[in-house]
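Peer 1: sequence and predicted structure, then a few things I'm wondering about:
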Amino acid sequence: MNTVKGYLNGGSMRMRARAKLRLLLLMAGLGIVFAVPGQTARAEEKTIEKLEVTDTALEVPYGSQFNAANVNLLVHYSDGTVAGAKPDSISLVDTSRIGEQEIEVQYQGMTVKYTIFIVPRQVTGVRISEGTRKDVTVTWDALEEAANYEIYTSSRQDGSYTLKKSVEKNEYTFEDMEQGKIIYVKIRAVADKMSGEDSEVIPIAPKPGKVSGIQITKAVKTKITLTWEAAEGATGYAVYYRLSSATAYTLAGTTEKLTYQITGLKAGQDYYVKVHAYAADVNNQGEASDVSFCGTAPKIPVISELKGGDKRVKVYWKKCTGAEQFRIYISASANTGFTLAATVSAEDPRLYGIDGLVQKKKYYVKIVSVRTVAGMELVQESTVKSATTKKAKATSTAAKYYSTKKKLKKSPAWKKYAAFRKRLVYNKCYILPGMKVTNVAGFNATRMVPQSIAFAKKYLLISAYDYSKAQESVIYIMDRKSRKYITSLVLPHKGHVGGMAFDGTNLWIAYGKNLQCIRYSVIKNAAVSGKAYTEIYHFTTVAAMPETVSYVLYYGDRIWVGAYNEKSKKYMYGYSIAQKTGTPVLTQVNRMLMPNRTQGVAVTEDGKMIISRSCQTKKGQSGFLSRLDVYKPTWNFSKYSVKKNKKKKTVKMPPMNEGIAIYGSYTYLVYESPAFSDCAAPVDRVAAFKTKKITG
């Protein structure tokens, strides 16, 4: 241990000695003299021999500050070395006095004199203040120290400048100028034979002529390209635009060409454009062109779905800003041979079926969005999508569960619900069609959910929606007398269609916050067409509702609508109908407070009201309810609020009862339970009851 410690200590001493030697050598190299014991050191003295002012302005602008910080010195020493320095002080400089001034500069006891000249400031703010097609007036910011101003001109910005004129005022008019010829101008201020720094150079020229002949040559969704004729004396053009709904114009940009593309616009919008010619400077503009009306193309349409059905394909597309119509093209080839299949208004639903195709064949579809502005047709084309046709099954007409009365009697609905069993009139019931499979315009749906019913002259109508949301909602048309299925109306949406009512001329259909209206003739034509289905793309009218509509009733020459809510009471609103045989118009005139969980309402000839109320698939579930409630309202239509009065009777029903309707002496009730496998007591038909056995 001692040996190792001694070795380490010795190593440290050697390292310190080497470091000291390196420090002495470094100091010697830098000329640092240090004393050695036993010797006397004598440093050589160095003195200042001369001061020299260098890199310091000779001309100082009027009114500016000038002090020691603005002066640079070169200090010459006796040993021949030179070093830069700042003065310790200088004598006072008066920059408010134009002319020559001598100043004294001090540094470490020595003084040197230096002469500066106070000159006018640089002229700023040079601009064209006004002009005509011959003359141009140039102005600039006035300087209090200036006695006059010298105006210099050149034919080139980087050329040689000659004195044009000396003036006392801060403006000058160039007269009889040649149109289209640019003159470059700069100005300096002069006082007491002292001249300031030249201003920045500006180009000037007479105002150009008016632009004419504007044409819109191309318009896409965010760009408009326009051209125009050359204007006399123009060196460039400024292009402006504004939305048709705006008042102020925006500068799109400038160009020296006779064409310009305005970018950054909104798709499917109308615009106004104008062009100013300018000369030399963009602000030196001539008279504006006539305003031109134009617009951008609609957005590019997007096909959201293309599906192949029974000898047809059906195309769906998204909302497309600016489109006035859509053209649908189809081909058996991906790149060629496209033919026009249909033209659809932008106001119509964004779906369309193309018929007459070959089974099990692949087809290609594209959509073109179209709008016309100022006679120019503007279009955008979607990408191409493909689908293959395939056969669909016919709508089923057999009962889903109970094909005979004997089988129905064995059902839970019959066994567990005595009121239902005692009142049901079996030979007046309608078997629900489509509960096994529904042909929805050439496409199959296997889980259609019945919702509402309505009698329309010769027919019973049953609405249903596709639980999977794959296919559109339908209205099954049944022969009222034979109770047999005839055909289906296919709606242009996938809504719940929770309510329907027939006013003698029109069928009203619930759809979200709207009531859709179709003529009876649409129903009749579909029924006698012999077709498996009829697609609806247009409605007679669509009336906005205050909230989502769940059920619809026609009574007292009024359409009544209400919303379903599991926990809260909701109003049922009554609407008068004007122009029933034309374009119907609804006006809200009454309301009635209804119980929660209302699914449908019917009114007897003597004014009794039967309310279908239900919730959930079986007992024990939260909010479960399945019954008919009977009321006798005070039908005073002259008052806004109609009294429902107290409940008269309740009749228990199997779960999931929905829409209700009365025809003759019978009350009919439809169930959505065939679509739900967990329903404890499904009913696969429109159940018929003697009305007096419900209300009595």
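Peer 2: Okay, I see it. Numbers count the residues shown, from 1 in each chain.

Peer 1: ranges for the strands of the stretch 51-200 of the chain?
Peer 2: Shown for the stretch 51-200 of the chain, the strands assigned by DSSP state E, counting those that start in this stretch span residues 59-61, 73-77, 82-85, 89-90, 99-107, 110-119, 127-131, 136-139, 148-154, 162-167, 171-174, 183-191, 194-195.

Peer 1: give me the buried positions along the first one.
Peer 2: Using 16 or more other Cβ atoms under 10 Å as the burial criterion, the residues of strand 59-61 that qualify are Val60, Pro61. C-beta: built from backbone N, CA, C; applies to glycine.

Peer 1: which strands and helices lie in contact with that strand?
Peer 2: strand 110-119 (3 or more Cβ pairs under 8 Å, 6 or more residues apart in numbering; DSSP states H and E).

Peer 1: still on that earlier bit, and Ala277, which of the strands of the stretch 51-200 of the chain is closest to it?
Peer 2: For Ala277, the closest of these is strand 127-131, at 12.9 Å, according to Cβ to Cβ.

Peer 1: and that closest one, what does it pack onto?
Peer 2: strand 136-139, strand 202-204, strand 281-285.

Peer 1: nearest to Lys570, out of those strands?
Peer 2: strand 281-285 (63.8 Å).

Peer 1: name the residues of the closest one that are buried.
Peer 2: Neighbour-count burial for strand 281-285 flags Asp281, Asn284, Gln285 (criterion: 16+ other Cβ under 10 Å).

Peer 1: before we move on, the earlier item: could I get the strands of the stretch 51-200 of the chain as a markdown table with mean pLDDT?
Peer 2: As requested, these are exported to a markdown table (pLDDT from 0 to 100):
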| stretch | mean pLDDT |
| --- | --- |
| strand 59-61 | 97 |
| strand 73-77 | 96 |
| strand 82-85 | 96 |
| strand 89-90 | 96 |
| strand 99-107 | 96 |
| strand 110-119 | 96 |
| strand 127-131 | 93 |
| strand 136-139 | 96 |
| strand 148-154 | 98 |
| strand 162-167 | 97 |
| strand 171-174 | 97 |
| strand 183-191 | 98 |
| strand 194-195 | 96 |
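
Peer 1: I'd like to know how far the closest residue to Tyr426 other than its chain neighbours sits from Ala680.
Peer 2: If the residues on either side of it in the chain are set aside, Tyr426 comes closest to Lys405, at 5.0 Å by Cβ to Cβ, 6 or more residues apart in numbering. Distance, Lys405 to Ala680, using Cβ to Cβ, to the nearest Å: 21 Å.

Peer 1: ok, now which ones touch the closest residue to Thr389 other than its chain neighbours?
Peer 2: In space, and not counting its chain neighbours, Thr389 is closest to Gly308: 4.6 Å by Cβ to Cβ, 6+ apart. Counting by Cβ atoms under 8 Å, 6 or more residues apart in numbering, Gly308 touches Lys362, Tyr363, Ala387, Thr388, Thr389, Lys390.

Peer 1: in the helix or strand hosting Gly308, what counts as buried?
Peer 2: According to DSSP states H and E, Gly308 maps onto strand 303-309. Judged by neighbour count (16+ other Cβ under 10 Å), strand 303-309 contains these buried residues: Ile303, Leu306, Lys307, Gly308, Gly309.

Peer 1: strand partners (parallel or antiparallel) of the helix or strand just after that strand?
Peer 2: Sequence-wise, the next helix or strand downstream of strand 303-309 (DSSP H and E) is strand 312-317. Strand 312-317 sits in its sheet next to strand 303-309 (antiparallel), strand 351-354 (antiparallel), going by DSSP bridges.

Peer 1: in JSON lines: those, plus mean pLDDT and distance to Ser331.
Peer 2: Formatted as JSON lines, the strands paired with strand 312-317 follow (pLDDT from 0 to 100; distance: least, Cβ to Cβ, whole Å):
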{"stretch": "strand 303-309", "mean pLDDT": "98", "distance to Ser331": "13"}
{"stretch": "strand 351-354", "mean pLDDT": "97", "distance to Ser331": "11"}
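
Peer 1: got the contact list for the host helix or strand of Phe455?
Peer 2: Assigned by DSSP H and E, Phe455 falls within strand 448-456. If you take Cβ under 8 Å, 6+ apart as the criterion, strand 448-456 is touched by 432, 434-435, 438, 460-467, 474, 480, 496-502, 507, 510, 520, 523, 551-552, 600, 658-661, 663, 668, 670-672, 674-675, 686.

Peer 1: I'd like to know which of these are buried.
Peer 2: Using 16+ other Cβ under 10 Å, the buried members of these are 432, 434-435, 438, 460-466, 474, 480, 496-502, 507, 510, 520, 523, 551-552, 600, 658-661, 663, 668, 670-672, 674-675, 686.

Peer 1: filter the residues you listed down to the ones in helices?
Peer 2: In helices, judged by DSSP state H, the following of those are found: Tyr520, Ile523.

Peer 1: go ahead and confirm Lys619 touches Pro654.
Peer 2: No. Counting by Cβ atoms under 8 Å, Pro654 is not a contact partner of Lys619; they are 10.9 Å apart.

Peer 1: out of the two, which sits in the busier spot?
Peer 2: More crowded of Lys619 and Pro654, by other Cβ atoms under 10 Å: Pro654, with 27 against 12.

Peer 1: part of a strand, is the more buried one?
Peer 2: No. Assigned with DSSP: H, G, I helix; E, B strand; the rest coil, Pro654 falls outside any strand and is coil.

Peer 1: show the pLDDT at it.
Peer 2: We have a pLDDT of 98 for Pro654.

Peer 1: that one and Lys415 touch, don't they?
Peer 2: No. Under the criterion of Cβ under 8 Å, Pro654 is not in contact with Lys415, lying 10.3 Å apart.
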